[in-house]
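Asks: coords please:
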Amino acid sequence: MKCILALAAMLTALGAVAAESPPKADLAKAQNIVNQTCAACHGSDGNSQIAVNPKLAGQIPEYIYKQLTNFKAETGKKAERDNAVMAGMVAGLSTEDMHGLAAYFAGQTAKPGAAKSKELVALGQRIYRGGIASEGVAACASCHGPNGAGMPSQYPRLSGQHAEYIAAQLKAFRSGARANDASASMRGVAGRLSDREIEAVADYIAGLR
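Replies: The predicted structure is shown next:
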């Protein structure tokens, strides 16, 4: 009897895990959505050529999926991430579509970026690798990794991202305009950075690989 109960408990647990697993990605459908909707801003392979739009190629799929869901407003509830353009883009997407897009972009090869300012990149490197102890700013590398690869399901990939986009997001976190970070972690960090420090760390991230 105990064995039967144990087996039943195990099957129930396995069923719960299976229920939480994302649906199998339909990459063909995702590519069609990308070509029709996403490519103009993010590139057909996720390597955006427009500095204000993020590169999505090689990004952690859980992060892409979370952002897509955060852009989408629910009935009677505002979207967690306020962006009029992206709100329109995700309005008609199903959960399966968003999982598919996340898998599609994650499977693309990210093209490297490059830092632009020798002066800024040196400051950016110090902040990224060591933080700013006097301001209570933790090293970016502690969450996003020394080479900016991120941490699956927790922290996004940063390496090679457009500096302009990184800087804009840090400033949005600092002002509170963007507030979809868990435990306000990014708002806490960005709130202690000056404009120059933000520009520096963004420039350094652009050259990470």
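
Asks: count of residues packed around Gly176?
Replies: 11 (other Cβ atoms under 10 Å). (C-beta placed from N, C-alpha, C; glycine too.)

Asks: what about the closest residue to it other than its chain neighbours, which helix or strand?
Replies: Distances taken as Cβ to Cβ, 6 or more residues apart in numbering place Arg187 nearest to Gly176, at 6.5 Å, with adjacent residues excluded. Element membership for Arg187 (DSSP states H and E) is helix 185-190.

Asks: and the next element down the chain from that helix?
Replies: helix 195-206.

Asks: put the alpha carbons of that following helix into PDB.
Replies: This file holds the C-alpha atoms of helix 195-206, laid out as PDB (Å, rounded to 0.1, in the frame of the first residue of the first chain):
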ATOM      1  CA  ASP A 195      24.500  59.400 -16.500                       C
ATOM      2  CA  ARG A 196      28.300  59.000 -17.200                       C
ATOM      3  CA  GLU A 197      28.500  55.700 -15.300                       C
ATOM      4  CA  ILE A 198      25.500  54.400 -17.300                       C
ATOM      5  CA  GLU A 199      27.000  55.400 -20.600                       C
ATOM      6  CA  ALA A 200      30.300  53.800 -19.600                       C
ATOM      7  CA  VAL A 201      28.900  50.400 -18.500                       C
ATOM      8  CA  ALA A 202      26.600  50.400 -21.600                       C
ATOM      9  CA  ASP A 203      29.600  51.000 -23.900                       C
ATOM     10  CA  TYR A 204      31.600  48.200 -22.100                       C
ATOM     11  CA  ILE A 205      28.700  45.800 -22.500                       C
ATOM     12  CA  ALA A 206      28.400  46.500 -26.200                       C
END
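
Asks: any idea how far Lys72 lies from Ala79?
Replies: As judged by Cβ to Cβ, to the nearest Å, Lys72 and Ala79 stand 6 Å apart.

Asks: and the residue nearest to Gly176, how far is that from Arg178?
Replies: 8 Å.

Asks: show me the contacts for Gly145.
Replies: By Cβ atoms under 8 Å, 6 or more residues apart in numbering, the residues touching Gly145 are Met151, Tyr155.

Asks: same thing but 7 Å
Replies: Met151 (Cβ atoms under 7 Å, 6 or more residues apart in numbering).

Asks: just list the residues touching Pro112, thanks.
Replies: Gly160, Arg209.

Asks: please tell me how far it sits from Ala106.
Replies: From Pro112 to Ala106 the distance is 17 Å (Cβ to Cβ).

Asks: go on, Ala168?
Replies: For Ala168, the distance to Ala106 - Cβ to Cβ - is 23 Å.

Asks: repeat for Arg187
Replies: Counting by Cβ to Cβ, the gap from Arg187 to Ala106 is 26 Å.

Asks: tell me which of the two has more neighbours.
Replies: Counting neighbours by other Cβ under 10 Å for Arg187 and for Ala106 shows that Ala106 has the greater number, 22 against 17.

Asks: nearest spatial neighbour of that one, skipping sequence neighbours?
Replies: Per Cβ to Cβ, 6+ apart, closest to Ala106 is Pro61, 4.0 Å.

Asks: just checking, the one you found touches Tyr104?
Replies: No - the criterion here is Cβ atoms under 7 Å, and Pro61 misses it with Tyr104 at 8.9 Å.
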